[in-house]
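In: Below: sequence and its predicted model.
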Amino acid sequence: MSEKKLKFNSKTIHGGQEPDKAYGAVMPPIYQTSTYAQTTPGGHQGYEYSRSANPTRTALEKSLASIENGNYGLAFASGLAAIDAVIKLLNPGDEVISTNDLYGGSYRLFRQVFEKFGIGFHFIGMQDAAKIEDYINEKTKLIWVETPTNPMMNVIDIKSVSALAKKHDLLLAVDNTFATPYLQTPLDLGADIVMHSATKYLGGHSDVVVGALVVKDKGLADKLYFIQNASGAVCGPMDSFLTLRGIKTLHVRMQRHSENGKAIAEYLANNPKIEKVYWPGFEDHPNHEIAKSQMTNFGGMISFVPKGSSYEEAIKIVENLQLFTLAESLGGVESLAGHPASMTHASIPKEEREKSGVVDSLIRLSVGIEDADDLIADLEQAIG
Ligand code: P1T
């Protein structure tokens with residue numbers, strides 16, 4: 001059956017995969033090798049050095065391309081290494097327009113690494129896509145979109161941003177870490193590049209740090225492959241294997257993450273001790289209509305602010321949690337809680353971070369796939 005015709009729940013398992021050529025192994029072996037024997041210089045079987053390519057990584061890269069409805073996948077040593085490769089497409093003097101609410105590490109990479117090399121960044125709210133146009137000039141080359149955003153759960157209209165990008169001949173990259181291709185496929189909505197911290201839902205078990213890029217266009221894939229090989233931040237064979245194994249259950253996990261996310265978002269919204277809950281599945285979420293039109297469900301990421309809470313009180317709540325683990329990261333089978341202001345978003349100056357809503361009392365939850373009743377009981381005892 002043509003690979004492109006497979007539905008998502010089959011692509012996660014079979015997309016781009018075939019039994020291994022040597023012995024028919026159904027899972028690709030972990031080719032734990034740096035190099036490959038050659039019969040004469042250049043006489044090899046498609047692999048010569050594992051920075052350039054490795055069969056286990058190739059299997060993962062094909063799977064990534066398949067699930068994101070792209071043609072080319074690239075697997076990196078981390079999500080930030082994948083973002084780093086995208087920005088290296090640019091030249092000194094070029095400018096990027098990025099969402100103002102985004103993972104703190106992405107912001108740090110843009111501001112503290114790439115600005116030094118003469119690349120300019122504008123961080124803006126993109127809920128009204130038309131606003132982006134005010135920042136476009138002859139130096140603009142790339143629009144960087146995270147949706148839903150980390151941690152404020154804003155949803156950006158990918159189709160509208162893509163129309164603007166095309167009008168001005170700009171690249172559009174979408175960080176699809178929170179949604180995953182189970183919930184949305186940005187390339188189908190006009191994005192040029194999809195990026196993942198595969199550390200999160202794609203891997204799904206909090207046991208790897210991996211990044212991914214997927215594109216449709218061959219020319220763009222070639223440029224990114226050149227950077228991947230030249231810079232060298234590649235995903236190793238063991239991590240490729242684990243991520244591939246994770247992807248095989250992505251659809252079942254995401255279904256449960258979304259069910260549990262809904263149950264917990266509703267519990268929090270009905271709790272009189274909670275001031276505000278950020279989750280795009282609520283009808284009164286400011287971007288709910290866009291979320292409904294570009295996503296198939298709303299996932300398991302939720303942020304909330306306890307009523308009248310201070311920095312210290314928010315910390316107390318996350319310390320009190322027992323089933324939720326207080327930790328950086330998200331997207332694993334186990335539920336995690338975080339305090340963005342002191343953890344994932346601490347590298348964004350307080351003033352800047354508060355402008356996009358990341359206040360000192362904000363708590364972020366990555367709702368796992370445990371029993372929702374147990375998770376709610378844990379929140380109940382922690383909130384008090
Ligand atoms: O951690 P790494 O695999 O390098 O990915 C970076 C990254 C990129 N984009 C988004 C949306 C992310 O959430 C992350 C990593 N985020 C966390 C570690 C976190 O706890 O939010």
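Out: Here it is on my side, so go on. All of these numbers come straight from a predicted model, not from anything done at the bench. Residues are numbered from 1 along each chain as shown.
In: If we ignore the residues flanking it in sequence, what's nearest the closest residue to the ligand within the stretch 101-250 of the chain?
Out: Of all residues in the stretch 101-250 of the chain, residue 197 sits closest to the ligand, at 3.0 Å by CB to the nearest ligand atom. Every residue, glycine included, has its C-beta placed from N, CA and C. Leaving aside its chain neighbours, residue 197 sits nearest to residue 79 (2.8 Å; criterion: CB to CB, 6 or more residues apart in numbering).
In: what about dumping the CA coordinates of the host helix or strand of residue 143 to PDB?
Out: Assigned by DSSP states H and E, residue 143 belongs to strand 140-146. What follows is strand 140-146, C-alpha atoms only, in PDB (Å, rounded to 0.1, in the frame of the first residue of the first chain):
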ATOM      1  CA  THR A 140      13.400  39.600   7.200                       C
ATOM      2  CA  LYS A 141      14.100  36.000   6.200                       C
ATOM      3  CA  LEU A 142      12.300  33.700   8.600                       C
ATOM      4  CA  ILE A 143       9.100  33.600  10.800                       C
ATOM      5  CA  TRP A 144       9.500  31.400  13.800                       C
ATOM      6  CA  VAL A 145       6.200  30.100  15.300                       C
ATOM      7  CA  GLU A 146       5.600  28.000  18.400                       C
END
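In: buried sites along that strand?
Out: Residues 140, 141, 142, 143, 144, 145, 146 are the ones in strand 140-146 that count as buried (16 or more other CB atoms under 10 Å).
In: most residues in a single helix of this structure, which one?
Out: If you go by DSSP state H, the chain has its longest helix at helix 250-269.
In: immediately after that helix, which helix or strand?
Out: Remark: after helix 250-269, the chain's next helix or strand is strand 274-278, criterion DSSP H and E.
In: residues in the protein within reach of the ligand, list them.
Out: 78-80, 103, 105-106, 146, 150, 175, 177, 197, 199, 209, 211, 328-330, 344 (CB under 6 Å from any ligand atom).
In: So which of those are in helices?
Out: Per DSSP H, the subset of those in helices is 79, 80, 105, 106.
In: Please convert those residues to CSV, extending it with pLDDT and neighbour count.
Out: Converted to CSV, those look like this (pLDDT from 0 to 100; neighbours: other CB atoms under 10 Å):
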residue, pLDDT, neighbour count
79, 98, 24
80, 98, 20
105, 96, 19
106, 97, 25
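In: In this protein, which residue sits closest to the ligand?
Out: Counting by CB to the nearest ligand atom, the chain gets nearest to the ligand through residue 79 (2.3 Å).
In: so that residue makes contact with residue 199?
Out: Yes. Taking CB atoms under 8 Å as the definition, residue 79 is a contact partner of residue 199 at 6.0 Å.
In: Give me the common contacts of the two.
Out: 209, 210, 211 (CB atoms under 8 Å, 6 or more residues apart in numbering).
In: Look at the second one and say how many residues are nearby.
Out: If I follow you right, that is residue 210. 27 (other CB atoms under 10 Å).
In: Contacts only, for it.
Out: Residues in contact with residue 210, defined by CB under 8 Å, 6+ apart, are 75-79, 197-199, 202-203, 235, 239-240, 243.
In: how does it look with 7 Å?
Out: By CB atoms under 7 Å, 6 or more residues apart in numbering, residue 210 lies in contact with 75, 78, 198, 199, 203, 235, 239, 243.
In: The first one touches residue 212, doesn't it?
Out: The reference is to residue 75. Yes. Under the criterion of CB atoms under 7 Å, residue 75 makes contact with residue 212 at 5.6 Å.
In: shared neighbours, these two?
Out: residue 64.
In: Relative to the whole chain's centre, how far out is stretch 151-161?
Out: Here stretch 151-161 shows a centroid-to-chain-centroid distance of 13 Å under the convention CA atoms, centre = their mean, to the nearest Å.
In: what about it, how long is it end to end?
Out: Terminal residues of stretch 151-161 are spaced 20 Å apart (CA to CA, to the nearest Å).
In: ok, and what's touching it?
Out: With contact meaning CB under 7 Å, 6+ apart, stretch 151-161 is reached by 99, 101, 126-127, 129, 132, 143, 145, 147-148, 172, 174, 186, 189-191, 278-280, 287, 290-291, 294, 301, 303, 340, 345, 356-358, 362, 364.
In: give me the number of residues near the residue nearest to residue 9 when sequence neighbours are not counted?
Out: Nearest residue to residue 9 in three dimensions, chain neighbours excluded: residue 251, at 4.6 Å (CB to CB, 6+ apart). Residue 251 has 19 neighbours, counted by other CB under 10 Å.
In: same check, this time on residue 284
Out: 6.
In: Same check on residue 40?
Out: 6.
In: Quick check: phi and psi on it?
Out: Main-chain torsions, residue 40, degrees, to the nearest 10: phi -150, psi 160.
In: Please apply the same query to the one 10 residues further on.
Out: When read as degrees, to the nearest 10, the backbone of residue 50 gives phi -70, psi -10.
In: does it really touch residue 32, like I thought?
Out: No. Assessed by CB under 7 Å, residue 50 is found out of contact with residue 32, at 9.1 Å.
In: what about the helices in the stretch 51-200 of the chain?
Out: Ranges of helices within the stretch 51-200 of the chain are 55-67, 79-87, 104-108, 158-167, 180-183, based on DSSP state H, counting those that start in this stretch.
In: For the residue located most distally from the centre of the chain, report the pLDDT, please.
Out: The centre of the chain is farthest from one residue, residue 40, which by CA atoms, centre = their mean lies 42.0 Å away. pLDDT for residue 40: 97.
In: Now do residue 181 against residue 17, distance only.
Out: Going from residue 181 to residue 17 by CB to CB, to the nearest Å gives 16 Å.
In: got the contact list for residue 285?
Out: Residue 285 makes contacts with 279, 291, as judged by CB under 7 Å, 6+ apart.
In: and it, what element?
Out: Residue 285 belongs to no helix or strand, assigned by DSSP H and E.
In: again, but for residue 214
Out: Using DSSP H and E, residue 214 maps to strand 211-215.
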